[in-house]
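Participant: predicted coordinates and the sequence they were generated for:
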Amino acid sequence: MVLMLSRSDLEKVLTMKDVIEYVEMAFLELQMGTAILPMRATITLAEKHGWIGVMPAYLGKMGSLSTKIVTVFEKNLEKNMPTIIATIILNDSETGAPLAIMDGTLVTAMRTGAVCGVATKYLARKDSKIVGIFGAGVQARTQLMAMCVVRNIERAFVHDVIKERAESFAKEMSKVLRIPVEVCEPSELVVQSDIIVTATTSKTPVFDGKWVKPGTHLNLIGSFKPDVREVDETVIKKAKIVVDQKSAALEEAGDIIIPLKAGIITENDIYAELGELAAGLKPGRKSDSEITLFKSVGLGIQDCAAAWLAYTRAREKGVGIEVELFR
């Protein structure tokens, strides 16, 4: 029997705190060598402003084997659909038989928030209280949720190119998280914030790097193509850079690749992978004046961990529908 888990099912069993814990475990496995993580296979449909990726992963200690199929279609907002849509298949690591098929869209949003939660835990100042978010979509929501788990956040700012979306985000998230969330212009957001998150589909920098003050931490999650970036060279040049995986970042992260090709930074300027911080191999933030930056392109191990968490919790709570798939 295969367990089918819808978005509403997943909302009953997943909390951001738990997903952060499991995603950190996944990065520890990657660092220890007990994970298998091939590069994702992708197809870009330029004329449709779309992209599809297939992301298999295995976590040996956790015992999770999964594959995510994810699409990113930038014009979906015009159709009142999510930009990112995904499905995850979880397989038995002993037999290969499918254990579960689940909505991957919520899992993607949760695990992306969670990975920045892990990074923020190690890189943001302990006294960080204000978060600024560029973008007001699904990813922005889980980013703010994760920041509130790992830091005592008292206030948030949001900016989106569509002001109405930012206003809707502010109204919704202030109720959900019980903190004031305000819409503002990019310069005010950057100057006011202790933690800055970019969760956009922008192909060019969304703010002037000169505005970033000492002690700021940045999480960059929007761009995942080599010719697309959300921040300029000024930010990259003065920040301590941590990535989810160096090989993936050098293949897909325009925020890193573009300044590399321009000779502004070298590969040696990438301070660490997230797993190195989680394993205690390298320290995170060393002073309150450092500017730290985490760049994530998204890894299959994140989905693998979150899917296993969802499956085990759903089994415990009797959530989901069982289907005989091969009869």
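Facilitator: Thanks, I have the structure now. Residues are numbered from 1 along each chain as shown.
Participant: off-centre distance for the strand or helix carrying Ile52?
Facilitator: Assigned by DSSP states H and E, Ile52 belongs to strand 50-59. Here the centre of strand 50-59 is set off from its chain's centre by 14 Å, with C-alpha atoms, centre = their mean, to the nearest Å.
Participant: which elements pack onto it?
Facilitator: On a contact count with 3 or more C-beta pairs under 8 Å, 6 or more residues apart in numbering; DSSP states H and E, strand 50-59 meets helix 16-32, strand 35-36, strand 41-45, strand 64-73, helix 300-317. From N, CA and C alone the C-beta is placed, and that goes for glycine too.
Participant: next, the angle from the fourth one to helix 300-317.
Facilitator: The one in question is strand 64-73. 110 degrees (axes from the mean of the first three to the mean of the last three C-alpha atoms, to 10 degrees).
Participant: keeping just the C-alphas, turn strand 64-73 into PDB.
Facilitator: The C-alpha coordinates for strand 64-73 follow below in PDB (Å, rounded to 0.1, in the frame of the first residue of the first chain):
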ATOM      1  CA  SER A  64      15.100   7.800   3.500                       C
ATOM      2  CA  LEU A  65      15.100   7.300  -0.300                       C
ATOM      3  CA  SER A  66      13.200   9.900  -2.300                       C
ATOM      4  CA  THR A  67      12.800  11.600  -5.600                       C
ATOM      5  CA  LYS A  68      11.300  15.000  -6.100                       C
ATOM      6  CA  ILE A  69       9.900  16.300  -9.400                       C
ATOM      7  CA  VAL A  70       9.700  20.100  -9.300                       C
ATOM      8  CA  THR A  71       8.700  22.700 -11.800                       C
ATOM      9  CA  VAL A  72       9.200  26.500 -11.700                       C
ATOM     10  CA  PHE A  73       7.000  28.500 -14.100                       C
END
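Participant: tell me the helices and strands packed up against it.
Facilitator: Counting by 3+ C-beta pairs under 8 Å, 6+ apart, strand 64-73 packs on strand 50-59, strand 84-91, helix 104-123, helix 300-317.
Participant: ok, now with 10 Å
Facilitator: Here strand 64-73 touches helix 16-32, strand 41-45, strand 50-59, strand 84-91, strand 98-103, helix 104-123, helix 300-317, going by 3 or more C-beta pairs under 10 Å, 6 or more residues apart in numbering; DSSP states H and E.
Participant: next, the angle from it to strand 98-103.
Facilitator: 30 degrees.
Participant: go on, the last one?
Facilitator: With the same axes, to 10 degrees defining the directions, helix 300-317 sits at 100 degrees from strand 98-103.
Participant: understood, closing this out.
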